[in-house]
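K.L.:
can't give you the sequence, but here's the structure:
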């Protein structure tokens, strides 16, 4: 009989454990081999989206503040209440841009050769709207503004020909990309004015620090052909406008910090401010209601309904999330509805069809709330959509 100290012995506690473990390991190995032999791995198969986009789809742009080098854009179906796809969009992501003809998705993006450092490369990436896969890119000067996301950081001419991208280095300029020929046209000096608001097939304006507006007309090659600057249209010290304008036709509508609406109208010959009016009646002013958020205005073009995200707060609260959405008749300058939100929101967007949906997101919650704008009822919540959703783009 071998001693328990003999390394070949199975007598003693250690030996007894080995006597149990070895057959168990053999059984597990045999089972795993059988499973591998019987179950083939599923192939990775991608599914294409329908040829025609659904008016109740919405793109949710995510800056991903926790790790800003990994921006995302999520496509959400408001009817089905589920995510349809995702784009990976690089560092300091602002948002996707959708041409009117829906032939592609445009995304101004920034990348670094070492992930979060190294050589910087700015591009406009073109994505297939059905496969959500890149089809090409245009490299641009590495000047794209990396700021709190806002829709006016980029924009398309009305004929989808030229894409504008706002630069801040801190000099301000606009990069022009020829979407049709997939090429960079060049830069237009911003003259100390910020952001870009398209006004036609060959024009846009920018907001200036003194309350004036710089209007730029382009030629057919995408270069600046004419520039003009208005007198101040709002007071940038006493009551500045937020940059979150919305457009119907030749008019962009802006809200000031205190809730005054400033319509800026651009025609082929001139740019001017229209009649100003307030979102707030005397009672609302007394209760200190204010517009605020990251994307606090949206408009339904066909019915000329303006939706404004509102909260109770004093001066300087223009970035606070909203607890209600107030709906206005733009023709009459009157509030016609109040929608009490189930959860606070920092951005809202309404779809443009005859039976619209109203989307709401909050910067600190990875979900999308879907409302019926007619009844004000929350229809559903789409969960697990990003980490820090910022802005919304509807079809």
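P.N.:
Everything's here; your move. On a predicted model such as this, the values are computed, not experimentally measured, just so you know. Residues are numbered from 1 along each chain as shown.
K.L.:
rest of the way, CA atoms for contacts and neighbours
P.N.:
Noted.
K.L.:
show me where the stretch 101-250 of the chain has strands.
P.N.:
105-112, 120-127, 134-140, 154-156, 162-168, 172-178, 183-189, 193-200, 203-208, 213-218, 224-229, 246-248 (DSSP state E, counting those that start in this stretch).
K.L.:
helix or strand right after the lengthiest strand in the chain?
P.N.:
Determined from DSSP state E, the single longest strand within the chain is strand 334-345. Per DSSP states H and E, the first helix or strand lying C-terminal to strand 334-345 is strand 347-350.
K.L.:
which strands and helices sit next to that next one?
P.N.:
If you count contacts as 3 or more C-alpha pairs under 8 Å, 6 or more residues apart in numbering; DSSP states H and E, strand 347-350 packs onto strand 297-300, strand 358-362, strand 389-394.
K.L.:
give me the contact list for the first one.
P.N.:
Which is strand 297-300. For strand 297-300, contacts defined as C-alpha atoms under 8 Å, 6 or more residues apart in numbering pick out 244-248, 305-309, 348-352.
K.L.:
what do you get for the longest one?
P.N.:
Outside strand 389-394, the residues that touch it by C-alpha under 8 Å, 6+ apart are 55-64, 95-98, 149-151, 294-295, 346-351, 361-367.
K.L.:
repeat that with 7 Å
P.N.:
57-63, 149-150, 294-295, 347-349, 351, 361-363, 366 (C-alpha atoms under 7 Å, 6 or more residues apart in numbering).
K.L.:
what do you get for the second one?
P.N.:
Taking C-alpha under 7 Å, 6+ apart as the criterion, the residues outside strand 358-362 that touch it are 344-351, 367-373, 389.
K.L.:
please identify the helix or strand for residue 328.
P.N.:
Counting by DSSP H and E, residue 328 is part of strand 322-329.
K.L.:
which strands or helices does that strand pack on?
P.N.:
Packing contacts for strand 322-329, counted by 3 or more C-alpha pairs under 7 Å, 6 or more residues apart in numbering; DSSP states H and E, involve strand 305-312, strand 334-345.
K.L.:
turn those into JSON lines, including mean pLDDT and mean neighbour count.
P.N.:
Below are these laid out as JSON lines (pLDDT from 0 to 100; neighbours: other C-alpha atoms under 10 Å):
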{"stretch": "strand 305-312", "mean pLDDT": "98", "mean neighbour count": "24"}
{"stretch": "strand 334-345", "mean pLDDT": "98", "mean neighbour count": "18"}
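K.L.:
and those strands as a markdown table, adding distance to residue 176?
P.N.:
Supplementary listing: these in a markdown table, determined by distance: least, C-alpha to C-alpha, whole Å:
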| stretch | distance to residue 176 |
| --- | --- |
| strand 305-312 | 30 |
| strand 334-345 | 33 |
